[in-house]
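1. Here is a sequence together with a model predicted from it:
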Amino acid sequence: MANRISFPKRIPLILPGPKRRRPRQAVALAIALVEASVGHRPLHQVRRLLSLEAFEQLTEHRSSRRYGTNILRISSFQLPSPNSAEVVIRLATAAYLQVCTLRLELSDGSWMCTDFSVLGPRSGQLRP
């Protein structure tokens, strides 16, 4: 009896590449920016880490009120290239749910936010 070789019925067309780890500095920056957007961190701590456009977007959505305990969860963290990251963070409090999307770029060895968007109520629309 001859040895039989069995082949898989389906061969994937695209083989998965090596998993890249989330850069810790990029994760910390994303969390700090979301904290600043809800008033838990002063803006002067994060100003130099944002482009002018991203800073304006963050201040537009900044809440001057604090809403107790926040539950912050990174929903998605993508590395489209070694020098860029796209992050989606969900922030939940007793008063509201907010989703923040961030575009981070690595330049000269440090991460900078180039786009900051908020999906959810603006600070003036939040319940007291």
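-> Done, it's in.
2. hey, what's the most centrally placed residue in the chain bridged with?
-> By Cα atoms, centre = their mean, the chain has its centre lying nearest to Val87, at 2.6 Å. The partner list for Val87 in beta bridges (DSSP bridges) reads Phe77, Leu102.
3. which residue ranges form the strands in the protein?
-> 71-81, 84-92, 97-107, 110-119 (DSSP state E).
4. my guess is Leu72 contacts Ser37, does it?
-> No - Leu72 is beyond contact range of Ser37, at 10.8 Å (criterion: Cβ atoms under 8 Å). All C-beta atoms are positioned from the backbone trio N, CA, C, and that covers glycine.
5. Of all the strands of the chain, which one is nearest Gln25?
-> Nearest to Gln25, of all the strands of the chain, is strand 110-119, at 5.3 Å by Cβ to Cβ.
6. Make a markdown table out of the strands of the chain and add distance to Arg47 and mean pLDDT.
-> Listed next are those as a markdown table, based on distance: least, Cβ to Cβ, whole Å; pLDDT from 0 to 100:
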| stretch | distance to Arg47 | mean pLDDT |
| --- | --- | --- |
| strand 71-81 | 21 | 91 |
| strand 84-92 | 19 | 93 |
| strand 97-107 | 15 | 92 |
| strand 110-119 | 11 | 93 |
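7. same question for the longest helix belonging to the chain, mean pLDDT?
-> Using DSSP state H, we find that the single longest helix of the chain is helix 24-37. For helix 24-37, the mean pLDDT works out to 92.
8. could you give the angle of it to strand 84-92?
-> On the basis of axes from the mean of the first three to the mean of the last three Cα atoms, to 10 degrees, helix 24-37 is oriented at 40 degrees to strand 84-92.
9. What are the buried residues along helix 24-37?
-> Residues of helix 24-37 classed as buried: Ala26, Val27, Leu29, Ala30, Ala32, Leu33, Val34, Glu35, Ala36, Ser37 (neighbour count, 16 or more other Cβ atoms under 10 Å).
10. Distance to Asn83 added to these, as JSON lines?
-> Below are the buried residues of helix 24-37 laid out as JSON lines (distance: Cβ to Cβ, whole Å):
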{"residue": "Ala26", "distance to Asn83": "10"}
{"residue": "Val27", "distance to Asn83": "16"}
{"residue": "Leu29", "distance to Asn83": "14"}
{"residue": "Ala30", "distance to Asn83": "16"}
{"residue": "Ala32", "distance to Asn83": "20"}
{"residue": "Leu33", "distance to Asn83": "18"}
{"residue": "Val34", "distance to Asn83": "22"}
{"residue": "Glu35", "distance to Asn83": "24"}
{"residue": "Ala36", "distance to Asn83": "23"}
{"residue": "Ser37", "distance to Asn83": "24"}
